[in-house]
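model the following, please.
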Amino acid sequence: MQIGARNLITDVPGLKVGNAQDGGLKSGATVLLGDAPFVASVAVMGGAPGTRETDLLEPDKLVDQIDALVLAGGSAFGLDAATGIQERLRQNRRGFSIGPAVIPIVPAAIIFDLLNGGNKDWDRNPYYDLGLQAYDNASETFDIGTAGAGTGALSAMHKGGLGSASFVLDSGHTVGALVAANPIGAVTQPGSRHFWAAPFEMNGEFGGVGVSPQTGVASPEPSRKVAAMSRFGTVPHAAPTNTTVAIIATDAPLTKAECKRLATAAHDGMARAIMPSHTPHDGDLIFALSTSKRLAEPAADLMTLGNAAAHCLSRAIARAVYSATPKAGDLLPCWSEDT
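Just a heads-up that it's a prediction; the model follows:
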């Protein structure tokens, strides 16, 4: 396997990603669009998910293809970003057709970033407009770090962010990951700058610090995130103020059931990059999609695709935190500032 040309999920042919963010709000939205509808499914392993239209992604449900996937900040308010994106798709006559009616199918997942220091005292939910902007900004190249859905993300010890990574497999198929990393857990080992994902790093893509010599690590450090949020009042350590949400994409032809298995396998990558992950207080969720753009021989091997997806996601999570940039009013330091 080798890194794709951009090391972004858009190395999968036919995909674009759009970001929109508001610096004062300290939040944003990200959309993944295809040049045609695509097959997708989802695997939820966190205890506190916030979602829209995920039930229809189960293999036994009727709708076979969707038009976009959305990741957003804002907790439940952020689901309105998908409404803005749905409206843009409707204007472009993209969607599920029933007679003259066209219904764009836009599943979404959100992170909690309401206590990150941004101004959340809005008169009108801002996420609809952020969805419109994200759609209009869609491109094969896009920013990671403090951008889009990762704008206001926080991990246990550092600012979180938006991350992406890709692999081109020996078969010629491409796998990519896109993630908004906002976990209750840490992405670095206790007392160090070493990423948990360090064994999977490619070409120094998140600093090249390497693997930590620490062994026997079983307990995380006290969370800076929980301590920082306490300035806004009592925030129990067990509050659902977190979540990492991700998208895995491939051009290998897959069914909905196979996309479900790909999403499930990719959760291994989340667990390798974040400690702890999949807690009752995170809504950890992964979408997986197939554009079916590459009908290569030999046929795609789902085990190999799943392994690549997990590695891509670990790398994307580390890249999200590594690429975060400091902004006024931040509650936590960026990884780059924490020496």
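
got the residue ranges for the strands in this protein?
Listed in chain order, the strands of the chain (DSSP state E) span 15-22, 27-44, 51-52, 66-72, 96-98, 101-103, 108-110, 161-168, 174-181, 245-250, 285-290.

reformat those strands as a markdown table; add mean pLDDT and distance to residue 190.
Placement of C-beta: from N, CA and C, glycine included. Below are the strands of the chain laid out as a markdown table (pLDDT from 0 to 100; distance: least, Cβ to Cβ, whole Å):
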| stretch | mean pLDDT | distance to residue 190 |
| --- | --- | --- |
| strand 15-22 | 98 | 31 |
| strand 27-44 | 97 | 28 |
| strand 51-52 | 96 | 32 |
| strand 66-72 | 97 | 28 |
| strand 96-98 | 87 | 48 |
| strand 101-103 | 92 | 49 |
| strand 108-110 | 98 | 29 |
| strand 161-168 | 97 | 21 |
| strand 174-181 | 98 | 18 |
| strand 245-250 | 98 | 24 |
| strand 285-290 | 98 | 26 |
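
could you export the ones you listed as JSON lines, including distance to residue 310 and mean neighbour count?
As requested, the strands of the chain are arranged in JSON lines below (distance: least, Cβ to Cβ, whole Å; neighbours: other Cβ atoms under 10 Å):
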{"stretch": "strand 15-22", "distance to residue 310": "20", "mean neighbour count": "24"}
{"stretch": "strand 27-44", "distance to residue 310": "12", "mean neighbour count": "25"}
{"stretch": "strand 51-52", "distance to residue 310": "22", "mean neighbour count": "20"}
{"stretch": "strand 66-72", "distance to residue 310": "19", "mean neighbour count": "29"}
{"stretch": "strand 96-98", "distance to residue 310": "31", "mean neighbour count": "11"}
{"stretch": "strand 101-103", "distance to residue 310": "33", "mean neighbour count": "13"}
{"stretch": "strand 108-110", "distance to residue 310": "19", "mean neighbour count": "30"}
{"stretch": "strand 161-168", "distance to residue 310": "11", "mean neighbour count": "29"}
{"stretch": "strand 174-181", "distance to residue 310": "9", "mean neighbour count": "32"}
{"stretch": "strand 245-250", "distance to residue 310": "9", "mean neighbour count": "31"}
{"stretch": "strand 285-290", "distance to residue 310": "10", "mean neighbour count": "28"}
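
got those as a markdown table, with distance to residue 331 columns?
Below are those laid out as a markdown table (distance: least, Cβ to Cβ, whole Å):
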| stretch | distance to residue 331 |
| --- | --- |
| strand 15-22 | 17 |
| strand 27-44 | 13 |
| strand 51-52 | 26 |
| strand 66-72 | 20 |
| strand 96-98 | 41 |
| strand 101-103 | 40 |
| strand 108-110 | 19 |
| strand 161-168 | 14 |
| strand 174-181 | 15 |
| strand 245-250 | 20 |
| strand 285-290 | 24 |
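
residues contacting residue 338?
Taking Cβ atoms under 8 Å, 6 or more residues apart in numbering, we find residue 338 in contact with 157-158, 193.

which one of those is nearest to residue 65?
residue 158 (37.6 Å; Cβ to Cβ).

pLDDT score for that closest one?
If you check residue 158, the pLDDT there is 95.

quick check: closest non-adjacent residue to residue 3.
Excluding the flanking residues, the one nearest residue 3 by Cβ to Cβ, 6 or more residues apart in numbering is residue 202, at 5.3 Å.

now the helices for the protein?
Taking DSSP state H, the helices of the chain run over residues 80-91, 127-136, 224-229, 256-273, 302-322.

now do the buried residues in the shortest one.
I take that to be helix 224-229. Residues of helix 224-229 classed as buried by neighbour count (16 or more other Cβ atoms under 10 Å): 224-226, 228-229.
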